[in-house]
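> for reference, the sequence and a predicted model appear below.
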Amino acid sequence: MKRLAALLGLLFPGCAPTPEPAPVPTPEPAWVFEADRDLIGPGGASKVDIEIDWFAPVPPDALALEALAEVARRECPGKEISIRRDTELPGERWKKCRGDRIEAALDECRGRTQAEPGVAYVHILYCPINPWGEEFGSNGLCRRLRKPFPHWQIFIFKGTLRNRAVLGLKPEVLDRSCLVHEFGHALGLVENPEHRFEDGGGHCTDTKCVMTKPKLAAVLDNAVEAMTTGLIPWDYCEKCRADLARSRKRPAR
Ligand SMILES: [Zn+2]
Ligand SMILES: [Zn+2]
């Protein structure tokens, strides 16, 4: 039979079996490359050092730090994670921290002054409110700072969270969602246009996801659960987690 096939192949070259062409890989979309490799891997830094400082009246809640540890272990696989409660700034110090003067307070409490090879550094500061004014009415902020060395800097505005503790929600429950949300921005969420609000804010369209935008729809979607259980979403949805997993598998550029 083989001989016949070979003969047919000779007589009718067009009938000879031709190898399947190798599939051309579809290039990954640009957003896949935007997540910080030092945090989510693979490669990059081998250690993720998360330092938490706070003004005396607004310390971080244990519930928030436990959740941060859980998502960091899951989303920064293969990396050594350290989460350190570090400096308590006196409450009095806050009076001189309005506007850009907050940057001096950050310099004072930041435990690192220079980059250390192999270490990705995330500096978190708990403040009473947004130092640039309540009109920026946010619960928290995540920024990539270049000075004194490149690192992530997160604010949690704990006084604002306490004021927003409505629907029977405890401040620690809001603290947890806010901290995991801001850390999600550092990880690279949300860049995928398939479930991202088109306002450039990096928020998820799933109102059950902690990366959602705190819009009325999200509040209403979670209000019943909040009132009956005292809980609101505090983790990334399946789509957000899948985005991070896809970024982790991206080819090197
Ligand atoms: Zn956000
Ligand atoms: Zn999401």
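Looks like it arrived, so ask away. Ligands and ions are numbered 1, 2, ... in the order given.

> where does residue 122 land in three-state SS?
strand (DSSP: H, G, I helix; E, B strand; the rest coil).

> how much space between residue 61 and residue 190?
In this view, residue 61 and residue 190 are 25 Å apart by CB to CB, to the nearest Å. All C-beta atoms are positioned from the backbone trio N, CA, C, and that covers glycine.

> for residue 78, same thing?
According to CB to CB, residue 78 and residue 190 sit 23 Å apart.

> quick one: which of the two has more around it?
Of the pair residue 78 and residue 190, residue 190 is the one with more neighbours under other CB atoms under 10 Å, namely 28 against 11.

> which parts of the stretch 51-200 of the chain are helices?
With helices called from DSSP state H, counting those that start in this stretch, the stretch 51-200 of the chain shows them at 62-75, 102-109, 158-163, 171-187.

> for residue 241, find the nearest of those helices.
Nearest of the helices of the stretch 51-200 of the chain to residue 241, taken as CB to CB: helix 62-75 at 7.8 Å.

> got a list of what the residue lying closest to residue 162 once chain neighbours are set aside touches?
Sequence neighbours aside, residue 171 is the residue nearest to residue 162 in space, at 4.8 Å (criterion: CB to CB, 6 or more residues apart in numbering). Residues near residue 171 by CB atoms under 8 Å, 6 or more residues apart in numbering: 61, 158, 161-162, 165.

> can you rerun that using 7 Å?
161-162, 165 (CB atoms under 7 Å, 6 or more residues apart in numbering).

> how close does it get to residue 221?
For residue 171, the distance to residue 221 (CB to CB) stands at 21 Å.

> quick check: residues of the chain near ligand 2?
204, 206, 209, 211, 237, 240 (CB under 5 Å from the ion).

> now with 8 Å, please.
Contact residues, the chain versus ligand 2 (CB under 8 Å from the ion): 189-190, 195, 204-206, 209-212, 236-241.

> what about burial for those residues, which qualify?
189-190, 195, 204-206, 209-212, 236-237, 239-241 (16 or more other CB atoms under 10 Å).

> looking at the residues you listed, which are in strands?
Counting by DSSP state E, no part of those is found in strands.

> mind checking which of those land in helices?
Using DSSP state H, the subset of those located in helices is 239-241.

> reformat the residues you listed as CSV; add distance to residue 225 and pLDDT.
Formatted as CSV, those follow (distance: CB to CB, whole Å; pLDDT from 0 to 100):
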residue, distance to residue 225, pLDDT
239, 20, 98
240, 19, 98
241, 20, 98
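
> tell me the confidence at residue 159?
Looking at residue 159, its pLDDT is 91.

> could you count how many residues lie near it?
18.

> quick one, what contacts the nearest residue to it once chain neighbours are set aside?
The spatial neighbour of residue 159 that comes closest, neighbours along the chain excluded (CB to CB, 6+ apart), is residue 128 at 3.7 Å. Going by CB under 7 Å, 6+ apart, residue 128 touches 55, 57-58, 94, 158-159.

> hmm, back to that, most neighbours per residue, which of the helices of the stretch 51-200 of the chain?
Most buried of these by mean neighbour count (mean count of other CB atoms under 10 Å) is helix 171-187; its value is a mean of 23.

> I'm done for today, thanks for sticking with me.
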